[in-house]
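>>> Output the structure for:
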Amino acid sequence: MCGFIILTGIMNSKKNVKISIILMLFVIYFFPVETCLATDGNILYVGGAGSGNYTNIQDGIDHAEQGDTIYVFKGTYHEHIRLHKKINLVGEDKLYTILDYNGSNDTVYVTADGCAFNGFTICNNINTSYSGINIQSDNNKITNNIIANNSGWGLYLYYSANCTLANNTFIRDSINIVGNLPSWNTHIIKNNTVNGWGIDYYKNIDNQTISGDLGQIILANCTNFTIKNTSISNADQAIVLGFSSNNSIVNTSISNSTYGIRLQYASENTITGNTIENNDYGIYVTHSFNNNISENNIYSNNVFGCWICCSSNGNTIYLNDFTSNEASAYDAINNQWYQNGKGNHWSDYKGLDEDNNGIGDTPYNILPDGRNQDLYPVVYLKNDNKENKTYGFEIILSICAAFIVILWKKKLR
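Numbering: from 1, shown residues only. Next up, the predicted model:
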């Protein structure tokens, strides 16, 4: 049951996330947004006890004409839905009109332009290759839904333009955008939440500062933003920069997401001083150039700490602490993993530092094939345990030396 899965997700979250989601569900239940059935076409019905009602939602869609509205009564529907014509698909009550699909496809797949979809819970698609809602068309309106606990993307905009996403509640899901510039910077995305925290979507503006805890941050064609002092967890993608340049991401905490920080067609940005842990990919970079990634704590990510691919080059990655990631880094292009004679700290580095200068004597090879190397792997960083242990040993040694001197002086008396 979706309700059980949602509540389980709440119980496993941090205390403040738990409280936020409980309040969010309280508002959803007691102050629902009314469903509007205004339409220029006919109204078809799915579920319920009416004569001539369809049993399956897809049957109603297939028999509808352009501009019709399909009204779906409360119930749980285990089916893949394809919106291949311009229609309005309306659920009776988003808490109880549930699309719970576990097959080998997206739960909702939108290929027609101008569709409206509202009033549903879309949950539990366990196939990581598919999404709760996959939109591959333009001018669609996705409003007033609950999108929860889908293993792929919660809502996927793939080469889609001019879509409206409003008043949707994401739980352990969020928004993924892929495509050209109009796929990023033409949407209306407002009043949506992830785990009770707001989604900040900015397009075509400059010179802003974002701070405070949020559910997701998306910059589309933006410059000179500073994202700082924020915490994001349990999203599909936490911080996303598309076609955006000269932005800074500083002192954020990002955890338990599929992508911690994602750059696509994003250049000359600075990512520094962040803690990025327990994600699938800590930092994910595609089609992006000349970014500076430094002094981040990149810990315990489940696939890669940092992944760079797809023509991304000229990026500089240095003085980061890569610790206990399933695999530390991947770079199949041409990027620089050091700066001014200092590289990164790698917990899986096997080399030695025989001259004790803090830099490994042999390079660290970056996957997949070592064509990129950290030529100056840092054996330990400023706050690394090895350095702390050295300082502790020196302190103990100094105390012992002082004690011996005192005893010696007493003996001479």
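>>> Now do the helices in the chain.
Using DSSP state H, the helices of the chain run over 2-11, 15-30, 57-63, 181-185, 385-412.
>>> what sits against the closest residue to A327 other than its chain neighbours?
Nearest residue to A327, sequence neighbours excluded (Cβ to Cβ, 6 or more residues apart in numbering): F304, at 5.1 Å. For the C-beta atoms, the positions are set from N, CA and C on the backbone; glycine is no exception. Taking Cβ atoms under 8 Å, 6 or more residues apart in numbering, we find F304 in contact with 281-282, 325-330.
>>> make it 6 Å
Counting by Cβ atoms under 6 Å, 6 or more residues apart in numbering, F304 makes contact with 281, 327, 330.
>>> try I227
I227 neighbours (Cβ under 6 Å, 6+ apart): 210, 249.
>>> What's opposite it in the beta bridge?
Going by DSSP bridges, I227 is paired in beta bridges with I210, I249.
>>> Just the pLDDT for the residue nearest the centre of the chain.
Nearest to the mean C-alpha position of the chain, by Cα atoms, centre = their mean, lies Q237 at 1.1 Å. On the pLDDT scale, Q237 is placed at 98.
>>> Could you tell me which residues make contact with it?
So Q237 contacts 174, 176, 259, 262 (Cβ under 6 Å, 6+ apart).
>>> 7 Å instead, please
Residues near Q237 by Cβ atoms under 7 Å, 6 or more residues apart in numbering: 174, 176, 216, 257-259, 262.
>>> Compute the distance between N291 and N334, please.
To N334, N291 is 14 Å away according to Cβ to Cβ, to the nearest Å.
>>> what about those two, which has more around it?
N291 (24 against 13; other Cβ atoms under 10 Å).
>>> show me the contacts for that one.
Residues in contact with N291 (Cβ under 7 Å, 6+ apart) are 263, 267-269, 271, 285, 315.
>>> Kindly report the same for T97.
For T97, counting by Cβ under 7 Å, 6+ apart, the contacting residues are 72, 74-75, 91, 119-121.
>>> returning to that earlier point: can you tell me which of the contacts of F304 has the most neighbours?
Neighbour tally across the contacts of F304 (other Cβ under 10 Å): the maximum, 23 neighbours, falls on Y281.
>>> That one pairs with what?
With DSSP bridges as the criterion, Y281 is bridged to Y259, F304.
>>> Please apply the same query to the one 5 residues further on.
Applying DSSP bridges to T286 yields these beta-bridge partners: Q264, C309.
>>> Tell me who's in contact with it.
Contacts of T286 were listed using Cβ under 7 Å, 6+ apart, and they are 264, 309-310, 312.
>>> please redo it, this time with the cut-off set to 6 Å
By Cβ under 6 Å, 6+ apart, the residues touching T286 are 264, 309-310.
>>> before we move on, what about K190?
Going by Cβ under 6 Å, 6+ apart, K190 touches A166.
>>> didn't Y281 look like it was pressed against C306?
No - here Y281 does not reach C306: they are 7.9 Å apart, not a contact under Cβ atoms under 6 Å.
>>> picking up where we left off before, for ChimeraX, write the select line for the buried members of the contacts of T97.
With 16 or more other Cβ atoms under 10 Å as the criterion, this ChimeraX line picks the buried residues out of the contacts of T97:
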select :72,91,119,120,121
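>>> ok, of the contacts of T97, which one's closest to Y159?
Relative to Y159, the closest of the contacts of T97 is F120; by Cβ to Cβ it sits at 23.7 Å.
>>> Quick check: chain neighbours aside, which residue is closest to that closest one?
Going by Cβ to Cβ, 6+ apart, F120 has G91 as its nearest residue, at 4.2 Å.
>>> beta partners for the one you found?
In this entry, G91 is beta-bridged to V72, by DSSP bridges.
>>> Show me which of the contacts of T286 are buried.
Those of the contacts of T286 that meet the buried threshold are Q264, by 16+ other Cβ under 10 Å.
>>> confidence score at V72?
Among the per-residue scores, V72 shows a pLDDT of 98.
>>> That one and A161, how far apart?
In terms of Cβ to Cβ, V72 sits 27 Å off from A161.
>>> same check, this time on N301
Remark: distance between N301 and A161 (Cβ to Cβ) = 32 Å.
>>> higher neighbour count, these two?
Using other Cβ under 10 Å as the criterion, N301 and A161 rank with N301 on top: 27 against 19.
>>> what about the more buried one, distance to N134?
Distance, N301 to N134, using Cβ to Cβ: 26 Å.
>>> rewinding a little: closest to S347 out of the contacts of N291?
Nearest to S347 among the contacts of N291: I271, at 19.9 Å, using Cβ to Cβ.
>>> For that closest one, list the residues it contacts.
Per Cβ under 6 Å, 6+ apart, neighbours of I271: 249, 293.
>>> Run through the bridge partners of it.
According to DSSP bridges, beta-bridge pairing links I271 with I249, I293.
>>> Which residue ranges make up the domains of the protein?
Annotated domains of the chain cover 1-173, 201-382 [automatic domain parsing].
>>> Quick one: these as a markdown table, columns for distance to L181 too.
A markdown table is the format used below for those (distance: least, Cβ to Cβ, whole Å):
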| stretch | distance to L181 |
| --- | --- |
| domain 1-173 | 9 |
| domain 201-382 | 5 |
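>>> Which of those comes out lowest on mean pLDDT?
Sorting the domains of the chain by mean pLDDT places domain 1-173 lowest, at a mean of 85.
>>> How far off centre is that one?
Centre-to-centre, domain 1-173 and its host chain are 21 Å apart (Cα atoms, centre = their mean, to the nearest Å).
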